[in-house]
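Trainee: output the structure for:
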Amino acid sequence: MNHRAVLNLCIFLCAATSIVLDYVGSMGYFFLKPITTVLVILLPLLVKGSHQAFRKLLVAALCFCLLGDLFLLNDEYFLFGLGAFFVAHLLFAKAFVRLEGFQKNVTTAIVLLGIGVGLYLWLYPDLGALKYPVAAYVFVILVMAWQGIAVYLKQRKLTYGLFAFGALLFMFSDSMIAVDKFKTPFELSGVVILASYWLAIAFIANAGYLLVSTSPE
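Mentor: As a prediction, this is how the structure comes out:
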């Protein structure tokens, strides 16, 4: 069993345990949540190969995800968490652009913009003082998803497909956070949000690992 398989097994076990601990209200969740994301970071951090500039951007993006995770452990630091993930999405977008250049897939942009604007307008009456920060966040995650999907539409490779799927899962996870926090709290929200979030970054990290490790040095 190679170290990627071992890491993925550890990620799965930590993520599943964290989700259960969060569901039952155990303090162990506050310990295991960041550890799970650290394990995800190790995937692109430890791999050797080409695309080193891309790899560094990916690691940096995941580190800001970790910072966001830590902030979001306390509701009082929600805005700081939002800021950390804002930077993470900028770095993810820059990493995707690094691969194939900036993609101008208009159809993808229009579809994503429609989803993002529709969700924002629905949430708007309940956002209070966070109207502008949330608007900025919606914009940057749409750009990240746009580039993640568009790079796959340009070259339909497995690794690029994982980037696209991870970007979509990230959008879904963040949308569920927004719905649960600002609109309608729903049952099993923690399970849905955490599972989709860790799947998102795990898909992106694994794609990065495969891309770097299978390319000539």
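
Trainee: ok, now which ones touch the nearest residue to G28 once chain neighbours are set aside?
Mentor: Once flanking residues are discounted, G28 sits nearest to L21: 4.6 Å by CB to CB, 6 or more residues apart in numbering. C-beta: built from backbone N, CA, C; applies to glycine. The contact partners of L21, taken as CB atoms under 8 Å, 6 or more residues apart in numbering, are G28, Y29, L32.

Trainee: again, only using 10 Å
Mentor: By CB atoms under 10 Å, 6 or more residues apart in numbering, the residues touching L21 are M27, G28, Y29, F30, F31, L32, K33, G190.

Trainee: which stretches in this protein count as helices?
Mentor: 3-24, 28-46, 52-71, 78-100, 106-123, 131-154, 158-178, 189-213 (DSSP state H).

Trainee: how far out from the middle of the chain is the second one?
Mentor: It stands for helix 28-46. Between the centre of helix 28-46 and the centre of its host chain there is 13 Å, according to CA atoms, centre = their mean, to the nearest Å.

Trainee: tilt between it and helix 3-24?
Mentor: With axes from the mean of the first three to the mean of the last three CA atoms, to 10 degrees applied, the angle from helix 28-46 to helix 3-24 works out at 160 degrees.

Trainee: and helix 28-46, what's buried?
Mentor: Residues of helix 28-46 classed as buried by neighbour count (16 or more other CB atoms under 10 Å): 29, 32-34, 36-45.

Trainee: residue ranges with poor pLDDT in this protein?
Mentor: Applying pLDDT under 70 to the chain picks out residues 1, 215-217.

Trainee: repeat that with 50
Mentor: 217 (pLDDT under 50).

Trainee: could the buried residues of helix 28-46 go into CSV alongside distance to L169?
Mentor: Shown next, in CSV, are the buried residues of helix 28-46 (distance: CB to CB, whole Å):
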residue, distance to L169
Y29, 21
L32, 20
K33, 17
P34, 20
T36, 15
T37, 15
V38, 19
L39, 17
V40, 13
I41, 17
L42, 20
L43, 16
P44, 17
L45, 21
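
Trainee: A5: which of those residues is nearest?
Mentor: Using CB to CB, L43 comes nearest to A5 of the buried residues of helix 28-46, at 10.9 Å.

Trainee: touching, that closest one and G208? I think so.
Mentor: Yes. L43 is in contact with G208 according to CB atoms under 10 Å; the separation is 7.0 Å.

Trainee: what touches both of those two?
Mentor: Listed contacts common to L43 and G208 are L58, V59, L62; contacts here mean CB under 10 Å, 6+ apart.

Trainee: I'd like the distance between the first one and F80.
Mentor: L58 sits at a distance of 22 Å from F80 (criterion: CB to CB, to the nearest Å).

Trainee: the more surrounded of those two?
Mentor: Taking neighbours as other CB atoms under 10 Å, L58 and F80 compare with L58 leading, 31 against 15.

Trainee: in contact with that one, which residues?
Mentor: Applying CB under 10 Å, 6+ apart to L58 gives the contacts 41, 43-45, 47, 51, 91-92, 94-96, 98, 163, 201, 204-205, 207-209, 211-212.

Trainee: what are the phi and psi values for S50?
Mentor: In terms of degrees, to the nearest 10, the main-chain angles of S50 are phi -90, psi -160.
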